[in-house]
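Undergrad: Just to be clear, the model below is a prediction. Sequence and coordinates:
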Amino acid sequence: MSTKDFTANVISSSKVVPDGNFKDSKASGIWDINEALDLIKGGNWPNVANVNPAAFVDGLFQTHLYDGTSGNLSIDNDINLSGSGGLVWFKDRNYGNNHRLYDTARGVRKYLDSSANAAEATNSGSGNSNGISAFNSNGFTIGNDGYINDSSSRYVSWTFRKQPKFFDVVTYAGNGTSGREITHNLGTTVGAIFVKSLNNTRKWSVFHRGMDASNPSHYKLHLDQTDARADEQHIWNDTEPTSSVFTVGSDGEVNANGENYVAYLFAHNDDDGGFGEPGDQDIIKCGTYDTDGNGDATVNLGFEPQFVFVKCSTAASNWYLLDTMRGMSNDNPVENARLYADTSGAESSTGGTSGIVPTSTGFFHDGYIAASQTFIYMAIRRGSMQTPTAASDVFAIDTFGSTGDSKTPGWRSGFPVDMAIYRITSGNNDGKIASRLTAPKYLRTNSTAAESTDNDFTFDYNNGWYNYTGTIATYVSYMWARARGYFDVVATKAVSTNNGDVNHSLGVKPEMAWYKRRDGADEWYVATAINGYLVLDKSNAANGTASGSWLDAVGGAIGGNDATATTINSGYKFVGNATYDMIIYLFATVANVSKVGSFTQSGATNVACGFTGNTPSLVILKRTDASGDWYLLRDIVAGNDKSFYFNTNALEITNADIVDPYSGGFATTSSLTDGDYIFYAIAAIS
């Protein structure tokens, strides 16, 4: 890593490397996101040990799901609360318990409830017995408070770390004087403000920049109420917030003399966020949209959200809290798992009147009640904005051999899973593939059939997927996490405009893409850099292209001009109907993590993957110049391997030696038929 000048805050004329190898560095070398990028370009996976987490949404916001223990519990979500400060918002998912909001400005054990106007309360008990007992450098520690840690419940926590251009927490003493200015550190456009009196029973006052097109500060909402916006001069003093201050009036909700207050401020990025690996990405937006006569609306954020907080501002409605960890998906959005900030009710996934569908560039509001109304929202970008440097961070293989329960995933990964394939190992069985964006639906890799539903296909775990309460010792699951430059999932409609292009979040041009129609029967089409296309559910050779058809588009989707770092052809010209629901899986090469390539088999062949001296954990092979099965191989040794065929439901193969270890890649044996092949390999995992 070379030294560099810090253009954001020049403190000397000499080149200075930040303290602590980029770990929360301060002087000497006050720095910003560009300094983190200097290290990233050297190929290091960003974490709290080697890069400023403030550059990435993963270090600033986390939705963490956990099971209550009724004892002391440390939650590790990789967010530095003790050093940087922030807010942790809890909700019991199973029961109608109140929300709990703790922040570092007020200290441990002091909480508020978003669904009530109650004053601040303090957890009783000594030691670690109640509430948040510690804000840590990698999360927080909680005691046995039944609202956030009862052994009979599952919980969600949303953690917001303080950071300019993202979030801030401010406390202040009221003085009853209109026009009072309160200093904050967002340093950018204020998107939303939540203010609560700590001393008295008063409503939560909400400012949102989308409350009105011209004068949003003239209006207020209440976080603990469903009411529509109201014109109220004495809350925000009819004064718009700036990048450094917000203004309050004389109303007791925000500024009574002798009362203390807390304010939570959320930024709005508008092509000025400066986050992510390129250093030019937005991660939070606070905006507004209008629904049409059907209650529908399409919102363009410029990124795919992981968290959406939405409220109708022109009519009474709940404050919806939705996230992709709990099931904000592309499947049946009206049944997305919902919690409401203004009620204590348990999580619900039925009977809703609207839903949010995440897209590659924003979200779709699918609502059939709230027609012709105006909504406000806060949306936070999906994580994994970094290029991985270790396969174990983004890929896992696990066998399912223990008794599961509703709190423990059937297959463990060590990270939130975005796509999974599983097969039975002891008999003939279809290969099944599912993703977080389409759960609980799944497809079969060896079938043209439309999606099926299995309610056990759940992804609401931080460390795996699948909810199964029995004992099955004969399954294996392959699990992927989405990450920049490595792997992405796009759930979309086939489109007929803009040459059929859809947006993706891979951040690089994909090298392999799997396409499948979800809502009807159709083949699994596979695009690579070779001419023509392959079919995952068939053993056929690569098909030639036909000029002007979708065959040409998918055949050239990788090697031609139909794929970029942000778009890929959806296959519309082939399926011929823009109403079809599609799933597209995108793969790419990452140094020492994954490799997409091709080779010619001639007897035994050494295939270089560029991995550092380790045997791959996974190899997928397909002959392209003639018919040949799709191999999925694992447990690669100098002898018989374990393998399946994607295109059949045949029993796992354990008596054939197809590939052997080879330094930096794999070696095919003479058992593999001579010919031309494409392959996909993932490096060794610990």
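TA: On my side now, so go ahead.

Undergrad: gap between Tyr422 and Thr648?
TA: Using Cβ to Cβ, to the nearest Å, Tyr422 is found at 16 Å from Thr648. Backbone N, C-alpha and C define where each C-beta goes, glycine included.

Undergrad: Compare the two (neighbour count), which wins?
TA: Neighbours were counted for Tyr422 and for Thr648 using other Cβ atoms under 10 Å; Tyr422 has more, 25 against 17.

Undergrad: who's in contact with that one?
TA: Counting by Cβ atoms under 8 Å, 6 or more residues apart in numbering, Tyr422 touches 400, 411, 431-432, 466, 475-478.

Undergrad: before we move on, what about Ala656?
TA: Contacts of Ala656 by Cβ under 8 Å, 6+ apart are 640-641, 643, 671.

Undergrad: possible to save the contacts of Tyr422 as a markdown table with pLDDT and secondary structure?
TA: A markdown table is the format used below for the contacts of Tyr422 (pLDDT from 0 to 100; DSSP: H, G, I helix; E, B strand; the rest coil):
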| residue | pLDDT | secondary structure |
| --- | --- | --- |
| Phe400 | 71 | strand |
| Trp411 | 89 | strand |
| Gly431 | 91 | coil |
| Lys432 | 95 | strand |
| Tyr466 | 91 | coil |
| Tyr475 | 86 | strand |
| Val476 | 91 | strand |
| Ser477 | 94 | strand |
| Tyr478 | 96 | strand |
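
Undergrad: so which of those residues comes closest to Arg202?
TA: The closest of those to Arg202 turns out to be Tyr466 (Cβ to Cβ; 45.3 Å).

Undergrad: what about the spatially closest residue to that closest one that is not a sequence neighbour, neighbour count?
TA: Once flanking residues are discounted, Tyr466 sits nearest to Gly410: 3.6 Å by Cβ to Cβ, 6 or more residues apart in numbering. For Gly410, the neighbour count with other Cβ under 10 Å is 25.

Undergrad: quick one, strands of the stretch 51-200 of the chain?
TA: Using DSSP state E, counting those that start in this stretch, the strands of the stretch 51-200 of the chain run over 61-67, 73-76, 86-92, 100-103, 110-111, 121-122, 132-136, 139-142, 154-161, 167-173, 180-183, 190-197.

Undergrad: how about these, which one is nearest Val299?
TA: Relative to Val299, the nearest member of the strands of the stretch 51-200 of the chain by Cβ to Cβ is strand 190-197, separated by 14.2 Å.

Undergrad: The closest one pairs with which strands, and in what direction?
TA: Strand pairing for strand 190-197, determined by DSSP bridges: strand 205-208 (antiparallel), strand 260-267 (antiparallel).

Undergrad: which stretches of the stretch 201-350 of the chain have low pLDDT?
TA: The stretch 201-350 of the chain contains residues with pLDDT under 70 at 331-335, 350.

Undergrad: Also the chain?
TA: In the chain, residues with pLDDT under 70: 1-53, 125-129, 331-335, 350-354, 368-369, 401-407, 469-473, 494-500, 544-562, 571-578.

Undergrad: farthest residue from the center of it?
TA: The C-alpha centroid of the chain is most remote from Gly603, which lies 43.7 Å away (Cα atoms, centre = their mean).

Undergrad: Pull up the gap between the spatially closest residue to it that is not a sequence neighbour and Thr188, please.
TA: Among residues not flanking Gly603 along the chain, Ser670 sits closest, at 5.3 Å (Cβ to Cβ, 6+ apart). Counting by Cβ to Cβ, the separation of Ser670 from Thr188 is 62 Å.

Undergrad: In terms of neighbours, single out the busier of those two.
TA: Thr188 (19 against 12).

Undergrad: Give me the distance between the more buried one and Thr122.
TA: 33 Å.

Undergrad: what number of residues lie near Val245?
TA: Using other Cβ under 10 Å, Val245 has 13 neighbouring residues.

Undergrad: meant to ask about Thr612, not that
TA: Thr612: 10 neighbours (other Cβ under 10 Å).

Undergrad: re earlier: and which of the contacts of Tyr422 is nearest Asn318?
TA: Using Cβ to Cβ, Tyr466 comes nearest to Asn318 of the contacts of Tyr422, at 30.6 Å.

Undergrad: so who does the closest one touch?
TA: 400, 404, 409-411, 420, 422, 456-458, 477.

Undergrad: cool, and Asn185?
TA: 162, 164, 168, 244.

Undergrad: wait, isn't Met479 in contact with Ala420?
TA: Yes. With contacts counted by Cβ atoms under 8 Å, Met479 reaches Ala420, the gap being 4.8 Å.

Undergrad: Can you check which residues contact both of those two?
TA: Residues within reach of Met479 and of Ala420 at once, by Cβ under 8 Å, 6+ apart, are 411, 465.

Undergrad: Backbone dihedrals for Asn255, both of them.
TA: Backbone torsions of Asn255, given as degrees, to the nearest 10, read phi -160, psi 50.

Undergrad: my read: it touches Gly176, true?
TA: Yes. Under the criterion of Cβ under 8 Å, Asn255 is in contact with Gly176, at a separation of 6.2 Å.

Undergrad: Can you pick out the residue with more neighbours from those two?
TA: In this view Asn255 and Gly176 are compared by other Cβ under 10 Å, and Asn255 has more residues nearby, 28 against 14.

Undergrad: Kindly provide the distance from Asn543 to Tyr533.
TA: For Asn543, the distance to Tyr533 - Cβ to Cβ - is 5 Å.

Undergrad: neighbours around the spatially closest residue to Gly427 that is not a sequence neighbour, how many?
TA: Using Cβ to Cβ, 6+ apart and skipping the chain neighbours, the partner closest in space to Gly427 is Leu651 (6.1 Å). Per other Cβ under 10 Å, the neighbour tally for Leu651 reads 15.

Undergrad: check contacts around Leu651.
TA: Residues in contact with Leu651 (Cβ under 8 Å, 6+ apart) are 426-428.

Undergrad: now Val262: how far from Ile193?
TA: As judged by Cβ to Cβ, Val262 and Ile193 stand 11 Å apart.

Undergrad: Tell me which of those two has more neighbours.
TA: A direct count of neighbours by other Cβ under 10 Å for Val262 and Ile193 places Ile193 higher, at 25 against 21.
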